[in-house]
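[1] Provided below for reference: sequence and predicted model.
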Amino acid sequence: MTVAFDRSGLEHFIQDSEWTDIQTQIEHADQQLRAKTGVGARYTDWLHLPSTFTEAELTAIQHAAQRIQQQSRVLVVIGIGGSYLGAKMALDFVKSKWHNDLVQDQECKVYFAGNSLSAADLKRTMQVIGKQDFSVNVISKSGTTTEPALAFRFFRKELVARYGEVGANQRIYATTDGERGALHDEALSEGYERFVIPDGVGGRFSVLTAVGLLPMAAAGIDIEQVLAGAKEAEGDYQSKQLADNPALQYAAARRILYDKGYHTEILANWEPSLQYLGEWWKQLMGESEGKNQKGIYPSSANYSTDLHSIGQYIQEGRRDLFETVVRVEQEQVDATVPVTNQQDGLAYLEGRQLSTVNQTAALGVALAHIDGGVPNMAVTVAIQDAFNLGELIYFFELAVGISGYLFAINPFNQPGVEAYKTAMFALLNKPGYEAASRAYAQRLQK
């Protein structure tokens, strides 16, 4: 295992007997997940995705990525939620948040669209692309999700204007349902290259499918290593015993803390390149657990920045929150604090590695938060590379699957997401929503 779980910061909040007591519940939840006897079982194919991913599918993704790199300097990835956050998280994690400014030869810049309804954001994305050759990867199970479908209209129009109908269609890559849906049908009729979102894998669990792997490969990430890391995790995380399975320890700790009144979890990091790990994790946790008036509220923090904003609240606010810190053992780059004659009071740091300062600050903050009544645990990766990314993804996916069953809810549906869509469609007078449109019109008149 390259991902480690550190629960030493919980010793003042969770007794040894509580770990023993929850073991039976963990075993039951694990059995439900692996035997597919729990609710939502039809959407648990992600559990064995790393070990069943076919060589043919991997090769197809790699070849498509090579064509994108040859024909375009920019890949526009159009998607929202699980069709966006996983790929963005992966690019930042392995490359950096500056990937598009530091792009190497044979790699693509990757821009994301279709994750908002902002005209300003759409126009500025087009301005950034400018005259650069670009291709589009549109990701949608149905092809009718409002945000990405609208964005796709704009970018397809621009492709046609530049390259003509035939040339545009050769630059469009559709990741969608394998048999049905508006995007599936359009891809067939127009000749877009297609990749399949498996039926048994929900959007927030789809980063290890073509949904996440094609943008990763186009950006120059070794997706074989990503899948290898996830496959190793799949094998390593088989044990039902807490002592042997860090993902189960994490799930158990969250449930024990929840029962003690800690209802908000902060996923914290000390690297700006991990900001979107928090965004991806928030969807994974929030959409999986937030049902039936249950679940832990997922939040995130980026240190040191947020220590100078919400740090005061974390240290001394309401004691209903706990922290999970994502740590990186080995920095990919480092810097030595310069020796100068500046009067900034930092002479004691001169000659030290900045990574050491960062890691020491992280330790100090953890101790201060624990002393302030904030339970603290850590998930540690050895280094930010493709292999560790794959294992980290699997770690969190397995943990939330177990956690959902510990809460006795279906962790694989998202009925509440449809509520905002119904209201939006009704107010926009979408056909089929006439009754809701009238009801909302009367409500707004009042």
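    Thanks, I have the structure now.

[2] give the contact list for the nearest residue to residue 23 once chain neighbours are set aside.
    Once flanking residues are discounted, residue 23 sits nearest to residue 242: 5.9 Å by C-beta to C-beta, 6 or more residues apart in numbering. C-beta: built from backbone N, CA, C; applies to glycine. By C-beta atoms under 8 Å, 6 or more residues apart in numbering, the residues touching residue 242 are 19, 22, 23, 26, 248, 249, 252.

[3] name the helices or strands packed onto the helix or strand encompassing the first one?
    It refers to residue 19. Secondary structure from DSSP states H and E places residue 19 in helix 16-21. Other elements packing on helix 16-21 under the criterion 3 or more C-beta pairs under 8 Å, 6 or more residues apart in numbering; DSSP states H and E are helix 246-259.

[4] So which residues make contact with the helix it packs on?
    In contact with helix 246-259 (C-beta under 8 Å, 6+ apart) are residues 1, 3-5, 7, 10, 13-14, 18-19, 22, 25-26, 29-30, 233, 237, 239-242, 265, 296, 322, 324, 375, 377, 379, 394-396, 398-400, 402-403, 406-407.

[5] Buried ones only from those residues, please, as a PyMOL command.
    Applied in PyMOL, the following selects the buried portion of the contacts of helix 246-259 according to 16 or more other C-beta atoms under 10 Å:
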select buried, resi 3+5+7+10+13+14+18+19+22+26+29+30+233+237+240+242+265+296+322+324+375+377+379+394+395+396+398+399+400+402+403+406+407
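
[6] What's the separation between the residue nearest to residue 23 and residue 186?
    48 Å (C-beta to C-beta, to the nearest Å).

[7] Could you pull up phi and psi at the residue nearest to residue 73 when sequence neighbours are not counted?
    Closest residue to residue 73 apart from its sequence neighbours, by C-beta to C-beta, 6+ apart: residue 132 at 4.5 Å. Residue 132 adopts backbone torsions of phi -70, psi 140, taken as degrees, to the nearest 10.

[8] what separates residue 132 from residue 406, distance-wise?
    Going from residue 132 to residue 406 by C-beta to C-beta gives 48 Å.

[9] likewise residue 26?
    8 Å.

[10] got it, and residue 184?
    36 Å.

[11] same deal with residue 160?
    Residue 160 is 51 Å from residue 406, by C-beta to C-beta.

[12] Also residue 363?
    On the measure of C-beta to C-beta, residue 363 and residue 406 end up 30 Å apart.

[13] and what of residue 380?
    Distance of residue 380 to residue 406, computed by C-beta to C-beta: 23 Å.

[14] do residue 259 as well
    Relative to residue 406, and taking C-beta to C-beta, residue 259 is found at 10 Å.

[15] ditto for residue 154
    43 Å.

[16] Which parts of the stretch 1-150 of the chain are strands?
    3-6, 74-78, 109-113, 134-139 (DSSP state E, counting those that start in this stretch).

[17] Can you check which strand is longest in this protein?
    strand 321-328 (DSSP state E).

[18] nearest residue to residue 221 other than its sequence neighbours?
    Closest to residue 221 by C-beta to C-beta, 6+ apart is residue 94, at 5.0 Å.

[19] how close does the one you found sit to residue 220?
    9 Å.

[20] which one of the two has more residues nearby?
    Taking neighbours as other C-beta atoms under 10 Å, residue 94 and residue 220 compare with residue 94 leading, 23 against 19.

[21] Return the backbone torsion pair for the closest residue to residue 361 other than its chain neighbours.
    Leaving aside its sequence neighbours, residue 361 sits nearest to residue 304 (C-beta to C-beta, 6+ apart; 6.7 Å). Phi and psi for residue 304, reported as degrees, to the nearest 10, are phi -80, psi -10.

[22] Residue 304: neighbour count?
    12.

[23] got it, and the one 3 residues further on?
    A count of neighbours around residue 307, defined by other C-beta under 10 Å, yields 17.

[24] that's a helix at it, yeah?
    Yes: assessed by DSSP: H, G, I helix; E, B strand; the rest coil, residue 307 belongs to a helix.

[25] which residue sits farthest out from the middle of the chain?
    Of all residues in the chain, residue 341 has its C-alpha farthest from the mean position, at 44.0 Å, by C-alpha atoms, centre = their mean.

[26] Secondary structure element holding that residue?
    Going by DSSP H and E, residue 341 is not part of any helix or strand.

[27] and it, what pLDDT?
    pLDDT for residue 341: 93.

[28] where's it relative to residue 348, distance?
    Noted for residue 341: a distance of 15 Å to residue 348, by C-beta to C-beta.

[29] quick one, what contacts the residue nearest to the spatial centre of the chain?
    Geometric centre of the chain, nearest residue: residue 280, 2.4 Å, by C-alpha atoms, centre = their mean. Counting by C-beta under 8 Å, 6+ apart, residue 280 touches 85, 86, 88, 89, 207.

[30] let's see 6 Å
    85, 86, 89 (C-beta atoms under 6 Å, 6 or more residues apart in numbering).

[31] I'd like the distance between the last one and residue 2.
    Counting by C-beta to C-beta, the separation of residue 89 from residue 2 is 18 Å.

[32] Which residue of those two possesses the greater neighbour count?
    Higher neighbour count among residue 89 and residue 2: residue 89, with 24 against 19, using other C-beta under 10 Å.

[33] longest helix of this protein?
    Secondary structure assigned by DSSP state H gives helix 146-169 as the longest helix of the chain.

[34] How about the secondary structure of residue 268?
    Once three-state DSSP is applied, residue 268 turns out strand.

[35] how about stretch 427-434 as CSV, C-alpha atoms only?
    The C-alpha coordinates for stretch 427-434 follow below in CSV (Å, rounded to 0.1, in the frame of the first residue of the first chain):
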residue,chain,number,x,y,z
LEU,A,427,-39.2,28.2,-14.7
LEU,A,428,-37.7,27.9,-18.2
ASN,A,429,-41.0,26.4,-19.5
LYS,A,430,-39.4,23.2,-20.7
PRO,A,431,-42.0,20.9,-22.5
GLY,A,432,-43.4,18.3,-20.1
TYR,A,433,-43.1,20.6,-17.0
GLU,A,434,-46.3,22.6,-17.6
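
[36] tell me which residues in it are buried?
    residue 433.

[37] Just the endpoints, please. Distance across stretch 306-316?
    Counting by C-alpha to C-alpha, to the nearest Å, you get 14 Å between the two ends of stretch 306-316.

[38] Equivalent analysis for stretch 205-215, please.
    End residues of stretch 205-215 are separated by 16 Å (C-alpha to C-alpha).

[39] same check, this time on stretch 12-19
    Stretch 12-19 end-to-end distance (C-alpha to C-alpha) = 13 Å.

[40] Can I get the strands of the stretch 1-150 of the chain in JSON lines including mean pLDDT and distance to residue 386?
    Conversion of these to JSON lines gives the following (pLDDT from 0 to 100; distance: least, C-beta to C-beta, whole Å):
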{"stretch": "strand 3-6", "mean pLDDT": "96", "distance to residue 386": "14"}
{"stretch": "strand 74-78", "mean pLDDT": "98", "distance to residue 386": "18"}
{"stretch": "strand 109-113", "mean pLDDT": "98", "distance to residue 386": "15"}
{"stretch": "strand 134-139", "mean pLDDT": "98", "distance to residue 386": "19"}
